[in-house]
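K.L.:
the following comprises the amino acid sequence and a computationally predicted model.
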Amino acid sequence: MTTDDTRDTEPEQAESTTPEPPDEGELPTRADGSGSGAGTSDDHGEGFDESSKQDQLDEVRERAEGEELTSDHGVKISETDNSLKAGERGPTIMEDFHFREKMTQFDHESIPERVVHARGTGAHGYFQPYEDPELGDEYDGLEDLTKAKVLTNPDQKTPVFVRFSTVVGSRGSSDTVRDVRGFATKFYTEEGNWDLVGNNMPPFFIQDAMEFPDLVHAIKPEPDDAMPQASAAHDTFWDFASLKPEITHMIMWVLSGRALPRAYRMMQGFGVHTFRLVNDEGESVFVKFHWTPKLGTHQLVWDETTKLWGKDSDFNRKGLYDVIEEGYDPEWELGVQIFDEEQAEAFDFDILDPTKIVPETEVPVRPIGKMVLNETPDNFFAETEQVAFHPGNVVPGIDFSNDPLLQGRLFSYQDTQLNRFGSANWDEIPINQPIAERHNNQRAGFMRQEINEGKASYKPNSIDDDDPQEVPEAEGGYEHYAEKIDGKKIRNRSESFENHFTQARLFWNSMSEPEKDNIVDAAHFELGKVDRIEIRERMVYDLFNNVDHEFATRVAEGIGVDPPEEPGNEMPDHDREDPSLSMENRTPDTIETRKIAMLVDDGFDDEHVSAIRSALEEEGARVKIISRVLGEKSGVDGETVEPDQHHVAAASVSFDAVVVPGGSESVDAMHQQGDPKHFVAEAFKHYKPIAAIGEGAELFETVDLPETEIADDGDLVSDTGVVTCRNDNIDDFVEQFRDAIAAHRHWDRSPEAVPA
Ligand code: HDE
């Protein structure tokens with residue numbers, strides 16, 4: 001977001017028919033477009049709505065435009081480039097308060113980065129439950145299951161701030177590393193803040209919070225040489241992993257394309273742990289939270305990610321920022337899996353074990369609402385860096401399970417904020433403040449902002465009428481679910497946490513062949529970086545061979561380990577699959593927000609350029625013109641275009657697809673340049689849709705795309721996502737290209753021989 005003036009309006013819409021977020025008061029529809037609703041009355045507190053958080057932040061926003069320079073204490077400053085000296089060439093004088101203040105502020109302007117999830121990016125938006133019963137017969141709302149209004153009142157848009165992150169890398173590391181992604185949402189609900197601090201993968205590495213420091217020490221850069229940065233591909237991580245069979249399921253996810261998300265807006269999110277919902281009667285069911293992106297769940301490929309480290313290392317951060325600023329507001333559907341004690345008992349895993357998922361084949365995901373991110377922060381430090389999440393922030397109707405990982409997190413997050421902010425008053429930082437009113441006797445500490453009036457800061461008190469008053473549960477006071485617990489104090493792990501391979505195998509079975517290939521390739525890279533052979537052997541024999549024998553054999557063959565002769569003793573005897581696990585089944589038919597490179601030079605075919613651009617933009621794609629140098633380019637019929645980027649700065653890895661329009665002069669010029677040919681070859685190598693029309697198709701012939709048919713005169717050919725056209729039918733050409741873009745990646749290619 002940029003100025004105060006534009007804050008209350010929607011970001012400027014791109015020149016396209018990009019769907020706009022619903023107007024204030026409009027009821028939400030399903031992320032897939034179904035459902036609608038008629039307006040109903042708002043029974044919530046007066047003035048609480050989607051913009052409540054922004055209104056609150058407005059009070060502390062500061063803009064220096066047109067203002068005078070002052071010290072922190074309001075004294076006008078006459079000169080800020082030269083320190084005060086004893087004589088023109090003499091030493092600096094201590095009394096220079098402006099120098100001292102400026103330098104002290106600078107010396108202290110960094111705070112400790114997060115020990116994990118240091119690199120991230122954030123955005124504002126809102127969450128709104130769907131209107132009951134627009135989702136079909138099955139849906140009957142959650143009112144009977146939870147008293148949390150944030151999840152049940154379709155008239156309520158609750159403001160949110162979401163921070164996405166990588167886990168392992170430090171604050172300045174690259175975005176596209178192989179890693180889990182954090183997906184943390186702060187809901188500023190009318191009943192207080194609720195933080196859903198999740199990841200983009202539903203299981204976790206370990207089963208008990210006690211193991212977290214070990215996991216993180218193992219995966220972070222090694223302690224002696226501080227290498228490698230932002231990567232698991234080193235001995236200590238795989239040493240730890242190979243000795244912890246419970247990690248196997250998560251390892252399968254981390255080796256898959258899930259760890260290389262195309263964009264934050266194309267990523268699922270999961271609450272990971274089992275939580276509880278609690279209703280007005282104090283009854284409880286278990287719940288797992290799922291975020292499903294409207295734009296599909298998509299991945300990058302490994303070679304592409306490594307190039308992005310250098311060419312576009314802010315790729316995911318920039319991706320989120322750009323789409324919101326350009327007016328395409330990313331959207332997710334919130335879904336829940338609900339199950340009770342009895343169902344939980346019947347599963348072949350323990351619902352308290354965070355290395356397990358509840359397969360969607362067992363309990364379907366029930367959609368309950370949508371989240372839209374529609375505003376970028378004004379200040380990265382004040383908002384994205386200082387936002388502080390805590391899974392212990394829950395509201396009435398949402399409660400914890402006994403998952404030992406979750407229980408440990410309830411301590412760690414508060415503690416970590418003390419380290420980051422040096423004060424228990426981190427909740428007073430504007431981005432962390434609830435919108436709900438708060439009154440209590442915690443009134444002091446470092447950097448206290450609020451001025452609490454009154455004499456009594458204790459309870460009970462008679463001096464101030466015993467205020468602030470406790471609130472009975474029936475009137476909205478938080479009450480923990482009264483779970484009956486009867487047990488011995490014991491440092492132990494439940495036997496029900498022991499099944500380590502069933503779901504790892506379920507995941508492997510559910511992958512398409514290209515996804516399996518990706519997993520094997522990833523294992524070759526990761527374990528190929530491990531020096532110690534015994535670690536590589538343990539991974540193959542003790543873990544992978546208990547998932548799938550063929551998988552273990554394929555991994556072994558690439559990393560100098562003798563392939564196992566027999567399947568492992570613990571390999572589960574099942575061939576179950578869960579289609580929801582494969583990203584290939586999460587590809588909706590849309591090209592919205594995809595970034596398309598159009599390669600041109602002077603003498604391009606005007607009709608091609610305008611027809612392709614308008615047709616794709618009409619469906620919400622973002623077309624960018626790329627040329628050898630910046631500055632106006634002219635078409636044969638006199639149209640001009642202003643390139644968005646030039647070859648020295650642009651790379652195919654930053655785009656989803658590439659198209660080369662005709663125009664003999666333009667294409668001849670590109671024949672003389674290496675960059676456009678490399679651009680096309682590299683996009684092909686990364687399985688992206690590529691298209692060329694008219695003379696543009698000649699460029700594809702020069703590039704020599706293996707086993708791919710290119711259109712002859714009079715033809716239109718679409719072959720494994722390569723669309724070429726040598727006739728006048730531009731409409732059909734664009735349609736084929738559009739479908740190829742919607743498919744995202746074309747795995748049925750053989751790009752191995754492409755020199756890119
Ligand atoms: Fe975190 N985690 N975590 N984690 N985590 C942190 O808190 C921790 C876990 C997650 O954008 C830290 O404020 C422990 C699971 C996200 O600001 C820290 C354990 C899941 C973020 C911490 C876990 C997560 C964090 C570091 C095992 C998915 C970034 C900075 C018991 C459900 C939030 C901070 C943001 C951040 C501890 C495991 C997600 C140290 C002890 C499981 C998305 O408190």
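P.N.:
Done, it's in.

K.L.:
ok but residue 658 is inside a strand, no?
P.N.:
Yes - using DSSP: H, G, I helix; E, B strand; the rest coil, the assignment for residue 658 is a strand.

K.L.:
in contact with it, which residues?
P.N.:
596, 597, 598, 599, 652, 679, 680, 683, 688, 689, 690, 691 (C-beta atoms under 8 Å, 6 or more residues apart in numbering). In this view, the C-beta of every residue, glycine as well, is placed from N, C-alpha and C.

K.L.:
tell me who's in contact with residue 145.
P.N.:
277, 279, 285, 338.

K.L.:
now, the residues you listed that are in helices?
P.N.:
With DSSP state H as the criterion, helices contain none of the contacts of residue 145.

K.L.:
buried members of those residues into PyMOL, please.
P.N.:
Typed into PyMOL, the line below selects the buried ones among those, using 16 or more other C-beta atoms under 10 Å:
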select buried, resi 277+279+285+338
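
K.L.:
how close does residue 661 get to the ligand?
P.N.:
42 Å (C-beta to the nearest ligand atom, to the nearest Å).

K.L.:
what number of residues lie near that residue?
P.N.:
By the measure other C-beta atoms under 10 Å, the count of residues near residue 661 is 27.

K.L.:
check residue 112 too.
P.N.:
Residue 112: 12 neighbours (other C-beta under 10 Å).

K.L.:
so the nearest residue to it once chain neighbours are set aside is in which element?
P.N.:
Spatially, and ignoring its direct neighbours in sequence, residue 112 is nearest to residue 420 (5.4 Å; C-beta to C-beta, 6 or more residues apart in numbering). Using DSSP states H and E, the element containing residue 420 is helix 404-421.

K.L.:
okay, the helix or strand following that helix in CSV with CA atoms only?
P.N.:
Per DSSP H and E, the first helix or strand lying C-terminal to helix 404-421 is helix 502-510. Only the C-alpha atoms of helix 502-510 are listed here, as CSV (Å, rounded to 0.1, in the frame of the first residue of the first chain):
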residue,chain,number,x,y,z
THR,A,502,2.0,-46.3,6.4
GLN,A,503,1.3,-42.6,5.5
ALA,A,504,4.7,-42.2,3.9
ARG,A,505,3.7,-45.0,1.6
LEU,A,506,0.3,-43.5,1.1
PHE,A,507,2.0,-40.3,-0.1
TRP,A,508,4.3,-42.1,-2.5
ASN,A,509,1.5,-44.2,-3.9
SER,A,510,-0.6,-41.0,-4.5
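
K.L.:
can you pull the buried residues of the helix or strand just after helix 502-510?
P.N.:
The element immediately downstream of helix 502-510 (helix or strand, assigned by DSSP H and E) is helix 513-528. Neighbour counts over helix 513-528 (16+ other C-beta under 10 Å) mark 514-516, 518-527 as buried.

K.L.:
could you tell me the angle between helix 513-528 and helix 502-510?
P.N.:
Angle, helix 513-528 to helix 502-510, by axes from the mean of the first three to the mean of the last three C-alpha atoms, to 10 degrees: 130 degrees.

K.L.:
and the residue of the stretch 551-700 of the chain found nearest the ligand, how many neighbours does it have?
P.N.:
The nearest approach of the stretch 551-700 of the chain to the ligand comes at residue 581, 17.8 Å away (C-beta to the nearest ligand atom). As a burial measure, residue 581 scores 25 neighbours (other C-beta under 10 Å).

K.L.:
my read is that it contacts residue 505, right?
P.N.:
No - under the criterion of C-beta atoms under 8 Å, residue 581 makes no contact with residue 505, lying 11.6 Å away.

K.L.:
got a list of contacts for stretch 238-249?
P.N.:
Contacts of stretch 238-249 (C-beta under 8 Å, 6+ apart): 203, 205-207, 211, 214-215, 218-219, 232, 251, 355-356, 497, 500-501, 503-504, 507, 526-527, 530, 532, 535-536, 538-539, 542-544, 546-547.

K.L.:
neighbours around the residue nearest to residue 112, how many?
P.N.:
17.

K.L.:
ok, now residue 735?
P.N.:
Neighbourhood size, residue 735 [other C-beta under 10 Å]: 15.

K.L.:
need the three-state assignment for it.
P.N.:
helix.

K.L.:
so what's it up against?
P.N.:
Taking C-beta under 8 Å, 6+ apart as the definition, residue 735 has no contacts.

K.L.:
over to residue 517?
P.N.:
Residues in contact with residue 517 (C-beta under 8 Å, 6+ apart): none are found.

K.L.:
and the gap between it and the ligand?
P.N.:
Distance from residue 517 to the ligand, by C-beta to the nearest ligand atom: 28 Å.

K.L.:
repeat for residue 93
P.N.:
Residue 93 is 42 Å from the ligand, by C-beta to the nearest ligand atom.

K.L.:
can you count the residues close to that residue?
P.N.:
Per other C-beta under 10 Å, the neighbour tally for residue 93 reads 11.
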